[in-house]
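Colleague: Sequence and predicted model, in that order:
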Amino acid sequence: MATHHVAAGSLALAIIGLAAGSGAHAQEVSGQKPATTGSTVPKSINVSQSMLNASGSQSSNWLHTNGAYDQMRFYPGAQINTGNVARLRPAFVFQTEVVESMEVAPIVVDGVMYITTSFNHVYALDAVTGKEFWHYKHKMGPVTTFCCGPNNRGVAISGGKVFMGTLDAKLIALDARDGKLVWETQIEDPEKGYSETMSPTVVDGKVLIGTNGGEYGIRGFVKAFDADSGKALWTFYTIPEKGHEGVWAVNDSTGRNMHRDIAAEKAALAKDSSFYKTLGGGVWMNPAVDLKNRTIWFVVGNPSPDLFGAERPGDNLYTDSIVAVDLDKGTYKCHHQYIAHDVWDLDAVSPPILVDAKDKNGKMVPAVIHGGKTGHVYVHDRKDCSLIRFSDAMVPQENMWVLPTANGARMLPGANGGVEWSPMAFNPKTRMAYALNLHQPMTYHVESAKYPGGSKLWLGGAFKVIPGEKQWGRLAAVNVDTGKVAWKHDTEQPLMGGALATAGGLVFFGEGNGHFNAMDAKSGKKLWSFQCGAGANAMPVSYSVAGKQYVAMGCGGNTQIDFKRGNSVFVFAL
């Protein structure tokens, strides 16, 4: 994942930004006592598998981070629409204890909202009034470092439990009614560079979770745990022990030459192929779940070290790839790699979305789409992972794929993208995917870097923003059947966070300057905006209670590109 700093002008500054967890904050949270304060949720909470399966077709609850297993982030209710969104006003504002980066997608079930904060606090709230029911503070174990801020992107819910991954690489289950700890499982060793910021996904009694750590020489994975006990069920390693050299690809997915010295790489691999244990490949965001075909789809982050490829000859599978895995066994089905032997930190991060799309012959087929840091939306055939098309570039591209140098080589997009971790939204009526993009001109610098040991930053160079060059953001609407950009809306600052599409013809998204906006999904016209006072960099959701529709957005800023911090969740209604 781009370890990526708007203000970073040197590797030293990059390290400061990345190792935020090793300073005062980590000491502060490590002294926390395990505590759940408050009262009990005044109703029974029991989310069945049938409710989770049908979540995308109902308007009462928001039961998944990205709305449903298909991850469209499409809300089927239309009470708030293009004709009346101008009358949207705050229904309540809830302020947490933690003033720090907020990237959460609230989960809402039967009028109860569950939110998380940086440093792994969980709150249960009344989704109409904002009244707090309970508040859980995770007792943090050793946290040596973590990438891109102390974020948490939310809980998953199933049965009567909510599930959260933690910065100290644990998976915990809490009682949804009172917040009491039910079980706790160590996913991996945080002292080796592993940590968790993603929200889990629960399906058929399995809790699925990936891992951070691609900047620290970890071996990435997706793991499944038993929802009742926390027992490990299966592990899929994103770095295979054999085969990580791949096919020695010359070109990227779009057919552009990546300027590799493959002969030198093959010679280096013949001498040593043991580096697979430190090859990176974090999985930052939720998998999409194809229930019919018992398949999960996820994307894999950058190799380690990020910029110094001499330490890791080969294609470095399955980094920078979309991967399909058997839901029940965790076994490989297929993959497609966007960038082989990535030395630019342009990993795949934004979660994939299951859609139907036109193939090259114009026939509608089951497809999966992904918004890349390259600035393209990629459309794949679900039967074999093959690439059907890639979209027009959503942001400027320049000098792709120039190799990093000691003095720095300019290439666009910069290491943040394109589309970073930000989830796209898809509206099946407009046929458009809505993607939040960044434009940050950067130079890429390389330096020799041997593996420094677990939990130590291992970039093998730096990516530096270029002083004096304007940075900005772009919301782009892409037709998945043609790859054409239907419209684009530019913002003063780079965009990071989620998009939400609704049946009311709207697209909601936030900006780092605090503005939370509603756009016309067809035309891209801005119809409404509200100033939240801190960076609106979380993932918006919508739900309804007693027939009234609400829209919720976390506004706590962002560590990764240093947007103004806050501690508020805003909930809006007509």
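Modeller: Sure thing, it's come through.

Colleague: Give me the distance between residue 551 and residue 507.
Modeller: Residue 551 sits 12 Å away from residue 507, going by Cβ to Cβ, to the nearest Å. All C-beta spots, glycine's among them, are computed from the backbone N, C-alpha and C.

Colleague: intersection of neighbour lists for those two?
Modeller: residue 500 (Cβ atoms under 8 Å, 6 or more residues apart in numbering).

Colleague: Confirm that residue 213 sits in a helix.
Modeller: No: Residue 213 sits outside any helix when classified using DSSP: H, G, I helix; E, B strand; the rest coil, being coil.

Colleague: which residues touch it?
Modeller: Going by Cβ under 8 Å, 6+ apart, residue 213 touches 147, 192-195, 220, 280, 282.

Colleague: of the residues you listed, closest to residue 527?
Modeller: Lowest distance from residue 527 to the contacts of residue 213 (Cβ to Cβ) belongs to residue 147, with 35.9 Å.

Colleague: Generate JSON lines for the contacts of residue 213, with distance to residue 555 and pLDDT as supplementary columns.
Modeller: JSON lines is the format used below for the contacts of residue 213 (distance: Cβ to Cβ, whole Å; pLDDT from 0 to 100):
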{"residue": "147", "distance to residue 555": "22", "pLDDT": "85"}
{"residue": "192", "distance to residue 555": "34", "pLDDT": "93"}
{"residue": "193", "distance to residue 555": "30", "pLDDT": "93"}
{"residue": "194", "distance to residue 555": "29", "pLDDT": "95"}
{"residue": "195", "distance to residue 555": "24", "pLDDT": "95"}
{"residue": "220", "distance to residue 555": "31", "pLDDT": "98"}
{"residue": "280", "distance to residue 555": "32", "pLDDT": "97"}
{"residue": "282", "distance to residue 555": "26", "pLDDT": "97"}
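
Colleague: out of those residues, which one sits closest to residue 537?
Modeller: When the contacts of residue 213 are compared for distance to residue 537 (Cβ to Cβ), residue 147 wins out at 16.0 Å.

Colleague: quick one: that closest one and residue 218 touch, right?
Modeller: No: at 10.5 Å, residue 147 and residue 218 do not qualify as touching, with contact defined as Cβ atoms under 8 Å.

Colleague: can you pull out the helices in the stretch 151-300 of the chain?
Modeller: Counting by DSSP state H, counting those that start in this stretch, the stretch 151-300 of the chain has helices at residues 262-271.

Colleague: go on, the stretch 1-150 of the chain?
Modeller: With helices called from DSSP H, counting those that start in this stretch, the stretch 1-150 of the chain shows them at 11-18, 24-30, 49-53.

Colleague: which stretch in these is the model least sure about?
Modeller: Lowest mean pLDDT of the helices of the stretch 1-150 of the chain: helix 11-18, a mean of 28.

Colleague: Quickly list what residue 526 is bridged to.
Modeller: residue 519 (DSSP bridges).

Colleague: repeat for residue 164
Modeller: In this entry, residue 164 is beta-bridged to residue 172, by DSSP bridges.

Colleague: ok, it - contacts?
Modeller: 116, 120, 122, 138, 152, 154-156, 171-172, 174, 199-200 are the contacts of residue 164 under Cβ under 8 Å, 6+ apart.

Colleague: closest to residue 55 among these?
Modeller: residue 156 (11.7 Å).

Colleague: Find me the pLDDT at the closest one, would you?
Modeller: 98.

Colleague: That one and residue 164: what is the separation?
Modeller: According to Cβ to Cβ, residue 156 stands 8 Å off from residue 164.

Colleague: circling back to that earlier point, from the contacts of residue 164, keep the buried residues only.
Modeller: Among these, those classed as buried by 16 or more other Cβ atoms under 10 Å are 116, 120, 122, 138, 152, 154-156, 171-172, 174, 199-200.

Colleague: now stretch 136-153: how far from the chain's centre is it?
Modeller: Counting by Cα atoms, centre = their mean, to the nearest Å, stretch 136-153 is centred 16 Å from the centre of its parent chain.

Colleague: all numbers from here: first residue = 474
Modeller: Sure, I'll start numbering at 474, so the last one becomes stretch 609-626.

Colleague: What are the buried residues along that stretch?
Modeller: 609-613, 616-626.

Colleague: Residue 1003 should be in a strand, yeah?
Modeller: Yes: Residue 1003 forms part of a strand when assessed by three-state DSSP.

Colleague: Looking at it now. What's its pLDDT?
Modeller: For residue 1003, pLDDT reads 98.

Colleague: Equivalent analysis for residue 492, please.
Modeller: As summarised for this prediction, residue 492 has a pLDDT of 31.

Colleague: What of residue 928?
Modeller: Looking at residue 928, its pLDDT is 81.

Colleague: what are the phi and psi values for it?
Modeller: Main-chain dihedrals, residue 928, degrees, to the nearest 10: phi 70, psi 10.

Colleague: Thought residue 616 was touching it, still the case?
Modeller: No: Residue 928 is beyond contact range of residue 616, at 9.3 Å (criterion: Cβ under 8 Å).

Colleague: anything in contact with each of these two?
Modeller: residue 663.

Colleague: any idea how far residue 822 lies from residue 1012?
Modeller: 14 Å.

Colleague: Repeat that for residue 775.
Modeller: On the measure of Cβ to Cβ, residue 775 and residue 1012 end up 22 Å apart.
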